[in-house]
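K.L.:
Below are the sequence and a predicted model; questions follow.
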Amino acid sequence: MGEYWQDRLDLMFTLREIGVDVMPIISLTQSTSPAGECEAAADGILRSHHIARFILPDKELKVSGGREVCLPRFGRAGCVFAAATAR
C-alpha cells in the first residue's frame, strides 16, 4: 500500500497498547496488487515479521496472504523462521 516503515512501527506499537491478541500480516500478491506483482521484497516481509515479534512477543502473528507469491524461496518455513504463526 506504500506505507513507510514508521507507519508499520506505529501500527505495531498501537496494537500493543490496545492489547490485541492477534496481528495479521498481509503481503500484496498478484490478486491484490494493481501492478500484478508482489509489492514488498522478501527481506522486507521477513523484517516486518521479526520486528512484530519483538514488539508483540506474546501475541499471535497470523500470515494472512501472499506468503507463496512473495516468499517463494521460504514459503511457510520462512514465516515460521520469522516467528509468525502460519495457519
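P.N.:
Cool, the structure landed. Numbering: from 1, shown residues only.

K.L.:
now this structure, which segments are flagged as low pLDDT?
P.N.:
Judged by pLDDT under 70, the chain has its weakly predicted residues at 1-2, 28-41, 65-87.

K.L.:
Quick one: the strands in it, in order.
P.N.:
Per DSSP state E, the chain has strands spanning 22-26, 60-65. These are given in chain order.

K.L.:
any chance of the ones you listed in CSV, with mean neighbour count and distance to residue 6 too?
P.N.:
The way it works is simple: take the backbone N, C-alpha and C, and place the C-beta from them, glycine included. Putting those into CSV (neighbours: other CB atoms under 10 Å; distance: least, CB to CB, whole Å) gives the following:
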stretch, mean neighbour count, distance to residue 6
strand 22-26, 16, 17
strand 60-65, 17, 20
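
K.L.:
now these as CSV including distance to residue 42?
P.N.:
Shown next, in CSV, are the strands of the chain (distance: least, CB to CB, whole Å):
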stretch, distance to residue 42
strand 22-26, 13
strand 60-65, 13
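
K.L.:
among those strands, which is nearest residue 47?
P.N.:
Go through the strands of the chain one by one with CB to CB and the one that ends up closest to residue 47 is strand 22-26, at 11.2 Å.

K.L.:
Just want the angle from the closest one to strand 60-65.
P.N.:
Here the directions of strand 22-26 and strand 60-65 differ by 30 degrees (axes from the mean of the first three to the mean of the last three CA atoms, to 10 degrees).

K.L.:
picking up where we left off before, which one of the strands of the chain lies closest to residue 12?
P.N.:
Taking CB to CB as the criterion, strand 22-26 is the member of the strands of the chain that comes nearest to residue 12, at 7.2 Å.

K.L.:
follow-up on the earlier one: out of the strands of the chain, flag the one nearest residue 5.
P.N.:
Minimum separation from residue 5 across the strands of the chain (CB to CB) falls at strand 22-26, 14.3 Å.
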